[in-house]
Structure formats: structure tokens, C-alpha cells
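[1] structural data only, the sequence is not supplied:
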């Protein structure tokens with residue numbers, strides 16, 4: 001079975017630096033795969049990526065040893081299983097608000113008797129090894145997004161879900177649900193208190209905490225606060241930031257323009 005480097009880093013107590021792919025291009029994904037990320041997540045929730053584009057992007061990632069992950073559009077078993085069969089080594093699922101939703105999500109990621117994933121790994125069997133079925137339940141990661149005030153109310157129940165490997169904070173949606181403005185790197189005290197509460201609770205339950213950030217400094221800050229999985233912006237946002245800075249520098253404009261306001 002091919003190594004899941006996210007799990008390896010977690011077991012050593014380290015923090016994963018994750019890249020985010022929203023450009024529906026295998027070439028862009030291959031380029032990002034040369035940049036030293038520990039993992040790359042193909043995002044099918046926001047942005048322009050559909051299933052077929054995601055397959056090509058994961059093929060491009062597989063030219064390296066980087067661990068391929070995917071964020072699904074919703075907590076729907078069909079797309080979860082399809083992306084796992086296509087080679088995703090973990091699924092990030094948005095808007096998990098209850099223990100029942102967490103259980104349904106984890107179950108879709110696991111073969112019986114601990115879940116209800118249908119057998120047919122197709123590409124996953126090719127790229128991850130002939131013993132995929134034997135080891136998939138222990139290797140594939142189920143990561144639930146905590147990003148609403150309702151999820152905060154049910155936090156302990158969600159985190160106690162058997163088989164849940166990690167959680168992933170969506171800071172923008174979390175802020176909105178709390179009546180605060182969305183920020184990639186939150187400065188609001190109420191939002192930051194909620195983020196710290198999620199991180200601490202996850203660690204109590206043996207669940208790895210992750211979060212999306214809007215800058216390298218934001219990622220470093222979250223790692224220092226205990227998070228073990230941080231994403232820095234996205235391919236689209238990183239491209240826009242670099243391009244705007246290059247144009248500004250060529251024009252001699254001090255400081256240049258900033259990139260997208262949001263994380264994508």
C-alpha cells in the first residue's frame with residue numbers, strides 16, 4: 001500500500017502543509033505538485049473543478065509522492081466513493097453539523113463492517129497497491145469541516161464519531177454563521193476563540209485539527225496554536241497574488257496590489 005504522508009506526519013506529531021487546487025487543469029496541478037507541499041486537495045465544492053477534471057488532476061499529482069486529497073461538494077456518498085475510487089487518499093467534507101452527519105460521512109469512506117463504501121477502487125487499486133482493499137480503511141482519511149455555529153453546538157458529539165480522522169475549520173463560513181465578517185486569517189476575537197475551542201476539543205478526542213488560512217504567516221500562526229493541517233490560500237489566489245505583485249513591481253508601485261480577498 002502506498003504511503004499516506006499526511007498520516008505519517010501526524011503520527012510523528014508534525015503539521016501538514018497542504019495546497020489547494022481550484023483551477024480545473026492537470027497542468028496546473030502538476031505544477032503545484034512540484035512546489036514541496038505535503039498534500040494537495042482538489043476542491044470540488046467551490047470553484048470550477050468537476051469530477052473528470054479532478055481525475056486528471058490526481059493523475060498529475062501522482063507524478064510525485066505528494067498525498068492527493070479531495071474536498072467534495074457535499075456530504076453525499078456517491079461523490080465521496082467515486083473520488084476515493086479515483087485515488088483520493090482522503091476526503092474533506094463540508095458543513096458537518098451533527099453526529100449523524102459525521103457518522104454518515106465516515107461510513108461512506110469505509111468498507112464494511114465499519115462502513116458502507118461500495119467496492120470498486122478502480123484507479124485507487126492501480127496507484128495505491130494491490131493490497132488496497134485490505135488497508136484502505138486504515139489509510140483513507142475522513143476529515144469533517146467544522147464551519148457553523150450549529151457545528152459548534154454539537155462539537156463534542158461530532159468529534160466523538162468513531163473513525164473520524166480529522167476536522168477542518170472553514171474560518172469564513174464559521175465567521176458568517178456567528179454574525180461576523182468572513183476573513184481568511186481571522187482577527188475577530190469571538191471567531192478566534194471559537195477556532196481555539198475547536199482545536200483544543202479535537203485534540204482531546206484524538207482527532208487532528210486542520211484549517212484554511214490566507215497567508216504563510218496565518219498558517220504558521222495556526223500551527224503554533226496547535227493545528228496539524230494548514231492550507232495556504234489556493235492555486236488561483238497564489239497565482240493572482242504573484243501576478244499582481246510582479247506587475248506592480250515592474251511599474252515601480254510600492255507594495256503592489258493585493259490578491260483576492262477570499263481564500264480561493
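    On my side now, so go ahead. This one's a predicted model, so the numbers in the text were calculated from it and none came from an experiment.
[2] who's in contact with the residue nearest to residue 174 when sequence neighbours are not counted?
    Among residues not flanking residue 174 along the chain, residue 147 sits closest, at 4.8 Å (CB to CB, 6 or more residues apart in numbering). (Each C-beta comes from the backbone N, C-alpha and C, glycine too.) Taking CB atoms under 8 Å, 6 or more residues apart in numbering, we find residue 147 in contact with 94, 95, 169, 170, 171, 172, 173, 174, 177.
[3] try 10 Å
    When contacts are counted by CB atoms under 10 Å, 6 or more residues apart in numbering, residue 147 touches 94-97, 167-177, 198, 212.
[4] got a pLDDT number for it?
    pLDDT, residue 147: 98.
[5] and if you look at the one 3 residues further on?
    Predicted confidence (pLDDT) for residue 150: 98.
[6] so which bits of the strand or helix carrying it are buried?
    Assigning secondary structure by DSSP states H and E places residue 150 in helix 149-153. Using 16 or more other CB atoms under 10 Å as the burial criterion, the residues of helix 149-153 that qualify are 151, 152.
[7] quick one: list the elements packing against it.
    In this structure, helix 149-153 packs against strand 141-146, helix 155-159, helix 171-177, helix 189-204, with contacts taken as 3 or more CB pairs under 10 Å, 6 or more residues apart in numbering; DSSP states H and E.
[8] quick one: the shortest one to chain centroid distance?
    Its chain's average C-alpha position is 19 Å from that of helix 155-159, according to CA atoms, centre = their mean, to the nearest Å.
[9] same check, this time on the longest one
    With CA atoms, centre = their mean as the basis, helix 189-204 stands 18 Å off its chain's centre.
[10] what segments of the stretch 51-200 of the chain are helices?
    Under the criterion DSSP state H, counting those that start in this stretch, the stretch 51-200 of the chain contains helices at 51-61, 77-85, 99-108, 123-128, 132-139, 149-153, 155-159, 171-177, 189-204.
[11] tell me what the last one is packed against?
    Contacts of helix 189-204 with other secondary structure elements, assessed using 3+ CB pairs under 10 Å, 6+ apart, are made with strand 141-146, helix 149-153, helix 155-159, strand 166-169, helix 171-177, strand 208-213, helix 216-224.
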